[in-house]
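1. structure for this input, please:
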Amino acid sequence: MTTSNPTRDVRALALFATLQATFSDVHPFCDQIIQAGTDAIDKGKPGAAGRRACARHVGSYSAGQLAAAAAVTRALGYRVPPAALLTGTAINAITHYVIDRRTPLTAFLGSAWARRLRLVGNGKLDYLRHATVQRRDGVVDTSGPGTALMECDQALHRILGVLASAVITVLATRADGAR
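-> I've put the predicted structure just below:
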C-alpha cells in the first residue's frame, strides 16, 4: 500500500493539467501553422521525399510543443526534469510521424485487431472513403482538411498528447519524490 502525499498529489494533478492544456491548445498551431506548406502536401507521399517531409514537420512540431511545455511550466514555477520533458516529446514525435505518414494510420483504422478491441468501429474504412473533399475538378483529396482521415489524425494526436502529459507527470513526480 502506498501512502499519499497531498502536496505532491496536488502538484502532480496541476502539472498534468498544465501539460495537457498546453499540448492540446498548442497542437493546432504546431501541426498546422508552423508546418511548411510543402511538408503538409508531401509528408504522406511514399518514398524518401515523403519521409523527409514528415520528419521536417515532426521536427518543427516537436520543437514547438517542447518549447511551449517548458515555457508554461517554468512560468508557473514548476521545473520539469529535462528527461521527463524529452520523454513526453519523444512520445508525441514518434507517434506523430507514424500517424502523419498516412499508410500506417489507414492500416490501423481498418485492422481486424482494432475492430476486435473496439478501438474503431466496423465502418471506419467506409467513413474514410466517404468523407473526402474535391478541391479541384477531378481531384479527390482523401487526407487533407475536411476529410475523415484528417479528423482521425487529429483525434489520435490529441489522445497521445494525454499519454505524453501523463508520462511526463509520472516521471517528474518520481523525480520530486527522490529528492
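
2. report the separation between the residue nearest to Pro46 when sequence neighbours are not counted and Gly146.
-> Nearest non-adjacent residue to Pro46, counting by C-beta to C-beta, 6 or more residues apart in numbering: Thr103, 7.8 Å away. For glycine as for every other residue, the C-beta is placed from the backbone atoms N, C-alpha and C. Separation of Thr103 from Gly146 (C-beta to C-beta, to the nearest Å): 20 Å.

3. so what pLDDT did the residue nearest to Pro46 get?
-> pLDDT for Thr103: 86.

4. tally of neighbours for it?
-> Residues near Thr103, counting by other C-beta atoms under 10 Å, number 11.

5. and the one 3 residues further on, by the same measure?
-> With neighbours defined by other C-beta under 10 Å, the count for Thr106 comes to 18.

6. what residues are up against it?
-> Neighbour list for Thr106: 125, 128, 149 [criterion: C-beta atoms under 8 Å, 6 or more residues apart in numbering].

7. can you say which helix or strand has Gln35 in it?
-> Assigned by DSSP states H and E, Gln35 falls within no helix or strand.

8. pretty sure it contacts Tyr61?
-> Yes. Between Gln35 and Tyr61 there is a contact at 6.9 Å, judged by C-beta atoms under 8 Å.

9. these two: who's more crowded?
-> Neighbours were counted for Gln35 and for Tyr61 using other C-beta under 10 Å; Tyr61 has more, 26 against 20.

10. that one contacts Phe29, correct?
-> No. Counting by C-beta under 8 Å, Tyr61 does not reach Phe29; the two are 9.5 Å apart.

11. most neighbours of all the contacts of Thr106, which one?
-> Leu149 (22 neighbours).

12. tell me the phi and psi of that residue?
-> Per-residue torsions, Leu149: phi -60, psi -40 (degrees, to the nearest 10).

13. residue contacts, it?
-> Taking C-beta under 8 Å, 6+ apart, we find Leu149 in contact with 102, 105-106, 128, 142-143.
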